[in-house]
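Fold the following for me, if possible:
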Amino acid sequence: MAGSRRRRSLPSMSSSLALLSALRYEQSDPDRFYRLLAQDTADIIQLYTSYDGKLVLEVGSGPGDLSEEIRGRGGKVVAADRSWEEIHCRQRSLESVAIADGCLLPICDNTFDLVCSSNVLEHVPTPSSMVSEMIRVTRPGGIIYFNYTTWLSPFGGHETSPWHFFGGKWAAEHYTRKNGHPPKNFYGESLFPMGVRTFKRMLAREIDGVVIVDMFSRYLPRWLDIVVNVPLLSELLMLNLAVVMRKEDTEISP
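Got it, this is the predicted structure:
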């Protein structure tokens, strides 16, 4: 890995507030929230690579909001998710769909120009496996992008927030008692405590063959980027960590 550079453009305060405000519709009006999130995510990725004619893989696509958005911008997209039900929970205009586990992708090495994932890594018990697979299927010089919700942020427990601060299992039990049914994201089964420090350690120890292009808060404006490097504040205020990597060309020139 190598050091990062500052991205060319960052979210404004107005766009950050719009996304944070839309979070309240995630459960009641998912189309509204996820379409806005997909548009903004596609805008961010486009700062680092073009979509026109590029072969793109979205890992953990769900119904494919981001895939549909990137396809509309000229990308040739494969949406991959391990759950057939998730892919079809909301109808999207997709050309290619793969039922695949992000930690064991049935795809050849060096296939895609861009591999991306949004809000998936916190749902994976072995996140390093998923990141490694995303890198493996990316072509040398290609871009890998992903973001995930940090555990100790106000939204770390997803629908069980803010009670996850008292423990993930307690939060899930509290949610069940209050709502009469268990949460969709159950701690220890489909939701795992991935923090900023833990993630940086994982990158340093288990991830090779990439250059870290950028690392920043997904929802906060650019002047708050300093939070990324402040240990306690990054865990509490990061909200959602975004990472941009470029796969190194390991071929030896003659």
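
Can you give the distance of stretch 203-221 from its chain's centre?
12 Å (C-alpha atoms, centre = their mean, to the nearest Å).

mean confidence for that stretch?
For stretch 203-221, the mean pLDDT works out to 89.

got it, and stretch 85-101?
Per-residue pLDDT over stretch 85-101 has a mean of 80.

Which of the residues in that stretch are classified as buried?
Across stretch 85-101, burial judged by 16 or more other C-beta atoms under 10 Å covers 87, 92, 94, 97, 98, 100, 101. The C-beta positions use only the backbone N, C-alpha and C, and glycine is treated the same way.

Among the residues you listed, which one lies nearest to residue 193?
Ranked by distance to residue 193 (C-beta to C-beta), the buried residues of stretch 85-101 are led by residue 101 at 20.9 Å.

still on that earlier bit, quick check: the farthest pair among the buried residues of stretch 85-101?
92 and 101 (20.5 Å).

Using CSV, lay out the buried residues of stretch 85-101 together with distance to residue 180 and secondary structure.
Shown next, in CSV, are these (distance: C-beta to C-beta, whole Å; DSSP: H, G, I helix; E, B strand; the rest coil):
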residue, distance to residue 180, secondary structure
87, 28, helix
92, 30, coil
94, 34, coil
97, 34, strand
98, 36, strand
100, 34, coil
101, 32, coil
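
What is the nearest of the residues you listed to residue 41?
Closest to residue 41, out of all of the buried residues of stretch 85-101 and judged by C-beta to C-beta, is residue 92, at 14.6 Å.

Can you get me a residue count around the residue lying closest to the closest one once chain neighbours are set aside?
Leaving aside its chain neighbours, residue 92 sits nearest to residue 64 (4.2 Å; criterion: C-beta to C-beta, 6 or more residues apart in numbering). Residue 64: 28 surrounding residues under other C-beta atoms under 10 Å.

any weak-confidence spans in the stretch 51-200 of the chain?
91 (pLDDT under 70).

residue ranges of the helices in the stretch 101-250 of the chain, please?
127-136, 168-179, 196-206, 231-237 (DSSP state H, counting those that start in this stretch).

ranking those by burial, who's on top?
The highest average neighbour count among these, using mean count of other C-beta atoms under 10 Å, belongs to helix 127-136 at a mean of 20.

outside of it, which residues touch it?
Here helix 127-136 makes contact (C-beta atoms under 8 Å, 6 or more residues apart in numbering) with 57, 59, 102-105, 109, 115, 117, 120-121, 124, 144, 146, 148, 192, 194, 199, 202, 206-207, 209-210, 245, 247.

This structure - how does it break down into domains?
Here the domain parsing of the chain from automatic domain parsing is 13-151+192-247, 152-191.

List the buried residues for the shortest one?
Judged by neighbour count using 16+ other C-beta under 10 Å, the buried positions of domain 152-191 are 152-161, 163-164, 168, 171-175, 183, 185-187, 191.

Now the buried members of the contacts of helix 127-136.
57, 59, 102-103, 105, 115, 117, 120-121, 124, 144, 146, 148, 192, 194, 199, 207, 210, 245, 247.

Now go through those and say which are in strands.
Per DSSP state E, strands hold the following members of the buried ones among the contacts of helix 127-136: 57, 59, 115, 117, 144, 146, 148, 210, 245, 247.

could I get these as TSV with distance to residue 51?
Converted to TSV, these look like this (distance: C-beta to C-beta, whole Å):
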residue	distance to residue 51
57	13
59	17
115	13
117	16
144	15
146	17
148	22
210	20
245	18
247	17
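
Done for today, thanks.
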